[in-house]
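Engineer: Generate coordinates for the sequence data below:
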Amino acid sequence: MPRFVSVGECMVEMSEDGSGLYRLGYAGDTLNTAWYARARLPQDWDVDYVTALGDDLYSQQMVEFMADAGIGTDHLQKVEGRRPGLYLIHQEDGDRHFTYWRGQSAARPLADIPDFLEGALAGAHIAYFSGISLAILHPRGRGTLMRALHLARLGGARIAFDPNERPALWTSPRVMGSTITAAAILADVVLPTFPDEAALFGDISPEAVAERYLSWGAEEVVVKNGAEPAFVATRESQGWVAPRPGARSIDPTGAGDSFNGAYLSARAQGASPLEAAAAAHALAAQVIAHRGALVPHEVLAR
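Structural biologist: Numbers count the residues shown, from 1 in each chain. Down below sits the predicted model:
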């Protein structure tokens, strides 16, 4: 059975419900992508999430939440005495703002568990990770994760990477840039966001972002740019894919992650890169019309 494996951190999410009250949920960039991959992949695909959780009530509820959604939980490691991180989303001036509490997150020692990541990624057909997956680890742990991904690639996995640059998680832009570069060299598919790339690497256009990642070895690059068209580039072709007009945005949280999940799922089912980007825009349009990062699977129209 083919496997989609996503590696990263799941957190407790507190999001505004529009009335000043907050709703508790569970999310995180790589879990969000796994959630939407599960919504779009056929049932003969396994979708597994790889992380470390604590031994508390909320960690146990996360496990049950993922299992209920059809996301595999066999590679969720328990770290005694730890807790999941937490973040709060509030809307202001038409944009979302995040506040994080993740210093004691159980996912931080994820790469310290001997042979855990190699075993979790073994046999993957698609292995997905992000810049945040790397940022929460200490430098040696980042190397451990990248080594496990390299071994998965040698075993036949297609490696997908969203750089997802978050400067607050890194000690410096230099460390962030060098780590993102090293990770991108491992990847077959890179899914960056133009404003983030421009801020870190100085790229002047989505085309420049794609050219840089292709030069580092990627086979295909999809440069997201919010409500603007995405730029899709492979070594053989390139093109722009615009979202359908008229999308109503209530909360953009998780939009990029849902785009990634839908894109990778469509490609796994034989869609061309341009077709997959169109499918990804369509799903992201549904996601931004709801509050919070994760839209229930039954709500998502095909």
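Engineer: Go through stretch 153-170 and flag the buried ones.
Structural biologist: Buried residues in stretch 153-170, counted by 16 or more other CB atoms under 10 Å: 153, 157, 158, 159, 160, 161, 162, 163, 164, 165, 166, 170. For every residue, glycine as well, the C-beta is placed using N, CA and C.
Engineer: can you give me phi and psi for the last one?
Structural biologist: Main-chain dihedrals, residue 170, degrees, to the nearest 10: phi -110, psi 160.
Engineer: quick one on the thing from earlier: could you dump the buried residues of stretch 153-170 to TSV with secondary structure, distance to residue 88 and pLDDT?
Structural biologist: Converted to TSV, the buried residues of stretch 153-170 look like this (DSSP: H, G, I helix; E, B strand; the rest coil; distance: CB to CB, whole Å; pLDDT from 0 to 100):
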residue	secondary structure	distance to residue 88	pLDDT
153	helix	36	97
157	coil	35	98
158	strand	35	98
159	strand	32	98
160	strand	29	98
161	strand	27	98
162	strand	22	98
163	coil	24	98
164	coil	19	96
165	coil	21	95
166	coil	16	92
170	coil	21	95
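Engineer: Could you dump those into TSV and include distance to residue 266?
Structural biologist: Listed next are the buried residues of stretch 153-170 as TSV, based on distance: CB to CB, whole Å:
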residue	distance to residue 266
153	21
157	18
158	14
159	17
160	12
161	17
162	16
163	21
164	20
165	25
166	26
170	31
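Engineer: so how far is residue 260 from residue 211?
Structural biologist: Note on residue 211: its distance to residue 260, by CB to CB, to the nearest Å, is 20 Å.
Engineer: cool, residue 104 as well?
Structural biologist: Look at residue 104 and residue 260: by CB to CB, they are 28 Å apart.
Engineer: Neighbour count for those two, which is higher?
Structural biologist: residue 260 (31 against 13; other CB atoms under 10 Å).
Engineer: helices or strands up against the lowest-mean-pLDDT helix or strand in the chain?
Structural biologist: Here the helix or strand of the chain ranked lowest by mean pLDDT, DSSP states H and E is strand 95-101, holding a mean of 76. Identification of packing neighbours for strand 95-101 by 3 or more CB pairs under 8 Å, 6 or more residues apart in numbering; DSSP states H and E yields strand 86-92.
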